[in-house]
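Visitor: Just a sequence and a predicted model for now, questions to come.
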Amino acid sequence: MEGDLGGRVPARRPRSRGGAGLCQAACVLVLAIACLVSAAAWVYLLVAHGGYWTTRQRLPTGPTVDRWSAGDVAAGQWPGVVAVVPARNEADMLPTTLPPLLGQDYPGEFRVVLVDDGSQDGTGQIAAELAAKAALDGGAPLTVVAGRPRPDGWVGKVWAMAQGATASTEAGPPRYLLFTDADIEWGPGALRELVAAAEGDDQAVVSQMALLRAQTAWERQIVPAFVYFFGQLYPFRRASDPRSRTAAGAGGCMLVRRSALDSAGGLEQIRGALIDDVAFATLLKRAGNRCWLGLSTRVRSVRPYPRLASLWHMIARSAYTQLRYSPMLLAGTVVGLLLLYAAPPAGAIVWLAVAAAGGHSGTATVLAGVAGLAGWALMTVSYLPMLRFYRLSPLRAPTLPLIALLYAAMTADSARRHYSGQSVSWRGRAAERV
């Protein structure tokens, strides 16, 4: 065939793919760098981040603690304790949780104050009925306090805690206050162990992270990761070290020496704290008190979270608060989660996909794959103890990156709720933003 130019049709040159190739190479290089950074971060986290992943932080031990725990201390020497239970619309929880609390076998004086914060389901009446039955078997006395209107500047739960702390002194100020929640089920002897640890190890605060319920499919996915991420943010060993600035508590179980709380200024100092347990421990630790935080299987939360929506709300209602409503911290957190948890599996998958397709693996691809597999393996190993603690299959461990992406979405949604004016709530009551 002849053309217009000398009778020949010019040959078509292949389209240049240089631009696309360079873009692809740059993306792989960025991914490789991200995987290398992530792998290095996981080495640090496992080796030098307070052993947050080991689940070994249990109540303090030692000769003095053992002497208290073994009952070598006379009954008259055991300090007085008043448990304060903030409760709002907890009629479903109390029949399960209140009798074990009232029935604690504690050698010293022990009383319970339940603050009924404007419940509409008969919470106060049910508590009184349960206490009357427990009294027949020698249970601890219970005082039900009708919650007063919340003053300006106070969040609901902290205001209920403050009212309970005030009511605890009516029969004489106790040495210890035990702040617990209406959904917490206390195992036999758990209170004795707490006080033994506080007295024997000279701790002003002894707090235990309750064993959360993990029965439904979504609970088994989300709950162990929630405790894992909390420990990563606030390593329990560092929170319990007087030399460390890290401070944290677990609101379902906080035993505090009353004199230490008063010296620190009382609950009024954290009246606007939406994350009250961390604020509580920070207040006490900054005042120079020794504070301890660890895990427990003897103190359990029985509150169900049957659907993803309920778990989503539990996390999203306070995630942006934890970031102090800072867009910069939000962006850094989301990027950090992606770098730490999403980059390693992405690098491994890209490398394996190129190899499976028979393509040539460049240096950057190999680096992304090797570092990605290393980071993924390290995070998987770090998650195994928490799964064992919750008696779940170790086969769940490699899915941690997917759960981390879900938590990133919950954190972003927490910010969306804040800017859209949706209220943070405690048991259905909106909390005033301060």
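Guide: Alright, I've got the coordinates.

Visitor: what domains does the record give for this structure?
Guide: Taking automatic domain parsing as the domain assignment, the ranges for the chain are 28-52+323-429, 63-306.

Visitor: Check the average confidence over the longest one, would you?
Guide: By that I understand domain 63-306. Throughout domain 63-306, pLDDT has a mean value of 96.

Visitor: First-to-last residue distance for that domain?
Guide: The separation between the terminal residues of domain 63-306, taken as Cα to Cα, to the nearest Å, is 43 Å.

Visitor: which secondary structure elements does the strand ranked longest in the chain contact?
Guide: When the chain is parsed with DSSP state E, its longest strand is strand 291-301. Counting contacts by 3 or more Cβ pairs under 8 Å, 6 or more residues apart in numbering; DSSP states H and E, strand 291-301 packs against strand 184-186, helix 190-200, strand 205-211, helix 236-239, helix 276-286. Bear in mind the C-beta positions are built from the backbone N, C-alpha and C, glycine included.

Visitor: again, 7 Å this time
Guide: With contacts taken as 3 or more Cβ pairs under 7 Å, 6 or more residues apart in numbering; DSSP states H and E, strand 291-301 sits against strand 184-186, strand 205-211, helix 236-239, helix 276-286.

Visitor: Not counting the third one itself, show me its contacts.
Guide: Think helix 236-239. Applying Cβ atoms under 7 Å, 6 or more residues apart in numbering, the set of residues contacting helix 236-239 from outside is Gly50, Gly51, Tyr52, Gln57, Ser244, Thr246, Ala247, Ala248, Ala281, Cys291, Leu293, Gly294.

Visitor: can you check the second one too?
Guide: Residues from elsewhere that reach strand 205-211, judged by Cβ under 7 Å, 6+ apart: 184, 194, 197-198, 227, 249-250, 252-256, 281, 284, 289, 291-297, 299-301.

Visitor: related to what we said a few turns ago, would you reformat the domains of the chain as CSV and include mean neighbour count and distance to Ala20?
Guide: Compiled in CSV, the domains of the chain are given as follows (neighbours: other Cβ atoms under 10 Å; distance: least, Cβ to Cβ, whole Å):
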stretch, mean neighbour count, distance to Ala20
domain 28-52+323-429, 17, 13
domain 63-306, 20, 38
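
Visitor: need those domains in JSON lines with distance to Trp312, can you?
Guide: Listed next are the domains of the chain as JSON lines, based on distance: least, Cβ to Cβ, whole Å:
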{"stretch": "domain 28-52+323-429", "distance to Trp312": "6"}
{"stretch": "domain 63-306", "distance to Trp312": "9"}
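
Visitor: Would you tell me which of these gets closest to Arg317?
Guide: Closest to Arg317 of those, according to Cβ to Cβ: domain 28-52+323-429, at 5.0 Å.

Visitor: Off-centre distance for the closest one?
Guide: 17 Å (Cα atoms, centre = their mean, to the nearest Å).

Visitor: same thing with stretch 273-287?
Guide: Its chain's C-alpha centre lies 14 Å from the corresponding centre of stretch 273-287 when counted by Cα atoms, centre = their mean.

Visitor: follow-up on the earlier one: mind exporting the C-alpha coordinates of the longest strand of the chain to PDB?
Guide: Presented in PDB, the C-alpha positions along strand 291-301 are these (Å, rounded to 0.1, in the frame of the first residue of the first chain):
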ATOM      1  CA  CYS A 291      -0.700   4.800  90.700                       C
ATOM      2  CA  TRP A 292      -1.000   1.300  89.300                       C
ATOM      3  CA  LEU A 293      -2.900   0.100  86.200                       C
ATOM      4  CA  GLY A 294      -3.300  -3.500  85.000                       C
ATOM      5  CA  LEU A 295      -5.500  -6.200  83.600                       C
ATOM      6  CA  SER A 296      -7.900  -8.400  85.300                       C
ATOM      7  CA  THR A 297     -10.100 -11.500  84.800                       C
ATOM      8  CA  ARG A 298     -11.800 -11.200  88.100                       C
ATOM      9  CA  VAL A 299     -13.500  -7.900  87.300                       C
ATOM     10  CA  ARG A 300     -15.700  -8.200  84.200                       C
ATOM     11  CA  SER A 301     -18.000  -6.000  82.200                       C
END
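
Visitor: which residues does the spatially most central residue of the chain contact?
Guide: Using Cα atoms, centre = their mean, the residue of the chain that lies closest to the mean C-alpha position is Phe230, 3.9 Å off. The neighbourhood of Phe230, defined by Cβ under 7 Å, 6+ apart, contains no residues.

Visitor: Reduced to three states, what does the closest residue to Trp159 other than its chain neighbours come out as?
Guide: The shortest distance from Trp159 to any residue other than its chain neighbours is 4.9 Å, reached at Arg150 (Cβ to Cβ, 6 or more residues apart in numbering). The three-state label given to Arg150 by DSSP: H, G, I helix; E, B strand; the rest coil is coil.

Visitor: any idea how far Leu178 is from Arg150?
Guide: Here the criterion is Cβ to Cβ, to the nearest Å. By it, Arg150 lies 23 Å from Leu178.

Visitor: what do you get for Phe389?
Guide: For Phe389, the distance to Leu178 under the criterion Cβ to Cβ works out to 24 Å.

Visitor: before we move on, the earlier item: so which pair among the contacts of helix 236-239 is furthest apart in space?
Guide: Pairwise distances among the contacts of helix 236-239 were taken by Cβ to Cβ; the largest, 18.7 Å, belongs to Gly51 and Ala281.

Visitor: Do a quick rundown of the helices in the stretch 301-434 of the chain.
Guide: Using DSSP state H, counting those that start in this stretch, the helices of the stretch 301-434 of the chain run over 308-322, 327-337, 343-356, 363-389, 400-419.

Visitor: can you check the stretch 1-150 of the chain too?
Guide: If you assign secondary structure with DSSP H, counting those that start in this stretch, the helices in the stretch 1-150 of the chain sit at 18-48, 63-69, 94-102, 123-136.

Visitor: With distance to Pro327 added, can I get those helices in TSV?
Guide: Putting the helices of the stretch 1-150 of the chain into TSV (distance: least, Cβ to Cβ, whole Å) gives the following:
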stretch	distance to Pro327
helix 18-48	23
helix 63-69	46
helix 94-102	39
helix 123-136	39
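
Visitor: Which of those helices sits closest to Ala357?
Guide: The stretch from those with the least distance to Ala357 (Cβ to Cβ) is helix 18-48; that distance is 13.6 Å.

Visitor: pLDDT (mean, whole number) over the closest one?
Guide: When pLDDT is averaged along helix 18-48, the result is 91.

Visitor: Next, the angle helix 363-389 makes with that helix.
Guide: Using axes from the mean of the first three to the mean of the last three Cα atoms, to 10 degrees, the interaxial angle of helix 18-48 with respect to helix 363-389 works out to 40 degrees.

Visitor: This completes my enquiry, with thanks.
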